[in-house]
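show me the folded form of this:
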Amino acid sequence: MTPRPSRPVRLLASVLTAGALLITTACSDDGDSGSGSAGVTDSPAALTPAGAQAALVTAGDLEDHWSEVGDAAGWRDSMLVGTVDVADFLTAKADAADCQKLLDSLHGQDLLGKPSGASALTGFEQNDSRLLYQVAAYDPAALDTSFTWLKSLPAKCDSFTVTDGKDKRTVQVIETSLPEEGDARQGLRVTVQGTSGGTPATLALDVAAVRVGTDAITVTGGGLDGNESDSVQNAVQQGTPRLEDVQAGKTPAGEPSEQD
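You can find the predicted model right below:
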């Protein structure tokens with residue numbers, strides 16, 4: 001028969017077993033708690049109509065002398081209307097469809113496609129220039145596709161012609177840099193040379209798209225006065241944190257002048 005351990009030995013074994021159980025339980029609790037906290041932090045709330053409206057920039061965010069207008073949803077520029085000349089695309093005729101899509105989406109104010117959720121837009125004017133600012137929620141896969149398409153345009157649509165049945169216009173597309181904001185970003189400058197009201201004219205548009213999770217910001221600024229790259233960059237720099245605040249359930253900060 002095996003001798004029974006002495007009482008001190010049995011007591012020590014009991015203490016060690018209890019300690020091991022406490023450590024195991026504590027580790028288990030820490031793991032569950034950490035996962036729950038991470039889930040809350042990493043999942044921004046779905047964008048609501050009120051949130052999209054709160055994420056819009058104001059005239060004070062843009063600096064210069066921009067004035068907010070109330071009819072931006074109806075803005076359409078006739079110089080963007082026309083049919084791409086497929087003959088310009090000697091070896092990659094499929095690219096003509098992408099260039100047509102670019103013009104149509106700029107004219108229709110849906111550069112990133114149709115939103116899947118809440119959206120809001122605002123517009124500003126300064127002399128003969130306009131700036132359109134949009135915030136919207138999108139399907140994640142569709143947003144991936146839209147950004148891939150945008151990044152391909154400077155190569156596919158570097159130069160082509162468009163006709164509206166009466167006149168021809170020359171269009172150039174180049175890539176531009178944007179502030180390091182959001183999860184992904186793409187900048188373009190689209191220049192359209194032709195006529196407006198029978199008079200030679202050049203429309204210059206600076207375009208920016210910034211992705212923040214499954215939401216995105218789109219900014220289009222310019223006109224016949226020349227490029228508005230500085231104002232577009234200011235809109236991106238001031239507007240992206242506003243959207244991030246909304247996603248985190250916070251009230252966006254005031255205009256730059258109000259933060260000093």
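
for R76, see how far away the residue nearest to L80 when sequence neighbours are not counted is.
Excluding its sequence neighbours, the residue lying closest to L80 (CB to CB, 6 or more residues apart in numbering) is H107, at 4.1 Å. Quick note: C-beta positions are derived from backbone N, CA and C, even for glycine. Computed as CB to CB, to the nearest Å, the H107 to R76 distance reads 6 Å.

neighbour count winner among these two?
Taking other CB atoms under 10 Å, H107 and R76 do not tie; H107 has more neighbours (16 against 10).

next up, the contacts around that one.
R76, D77, L80, V81 (CB atoms under 8 Å, 6 or more residues apart in numbering).

in CSV: the residues you listed, plus distance to S159 and secondary structure.
Output for the contacts of H107, formatted as CSV (distance: CB to CB, whole Å; DSSP: H, G, I helix; E, B strand; the rest coil):
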residue, distance to S159, secondary structure
R76, 24, coil
D77, 20, coil
L80, 16, helix
V81, 19, coil
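
mind putting these into JSON lines with pLDDT and distance to S129?
Formatted as JSON lines, those follow (pLDDT from 0 to 100; distance: CB to CB, whole Å):
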{"residue": "R76", "pLDDT": "88", "distance to S129": "16"}
{"residue": "D77", "pLDDT": "89", "distance to S129": "12"}
{"residue": "L80", "pLDDT": "94", "distance to S129": "15"}
{"residue": "V81", "pLDDT": "93", "distance to S129": "19"}
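
quick one: which of those residues is nearest to F124?
When the contacts of H107 are compared for distance to F124 (CB to CB), D77 wins out at 15.2 Å.

my read: that closest one touches L203, true?
Yes - using CB atoms under 8 Å, D77 makes contact with L203 at a distance of 6.5 Å.

all strands of the stretch 1-150 of the chain, in order?
Assigned by DSSP state E, counting those that start in this stretch, the stretch 1-150 of the chain shows strands spanning 67-69, 83-84, 119-126, 129-137.

now the angle from the last one to strand 119-126?
Relative orientation of strand 129-137 and strand 119-126, computed by axes from the mean of the first three to the mean of the last three CA atoms, to 10 degrees: 170 degrees.

tell me what strand 129-137 is packed against?
Packing partners of strand 129-137 (3 or more CB pairs under 8 Å, 6 or more residues apart in numbering; DSSP states H and E): helix 49-54, strand 119-126, strand 215-223, helix 229-247.

again, only using 6 Å
strand 119-126, strand 215-223 (3 or more CB pairs under 6 Å, 6 or more residues apart in numbering; DSSP states H and E).

out of these, which is the most enclosed?
Ranked by mean neighbour count, the helices and strands packed on strand 129-137 are led by strand 215-223 with a mean of 25 (mean count of other CB atoms under 10 Å).
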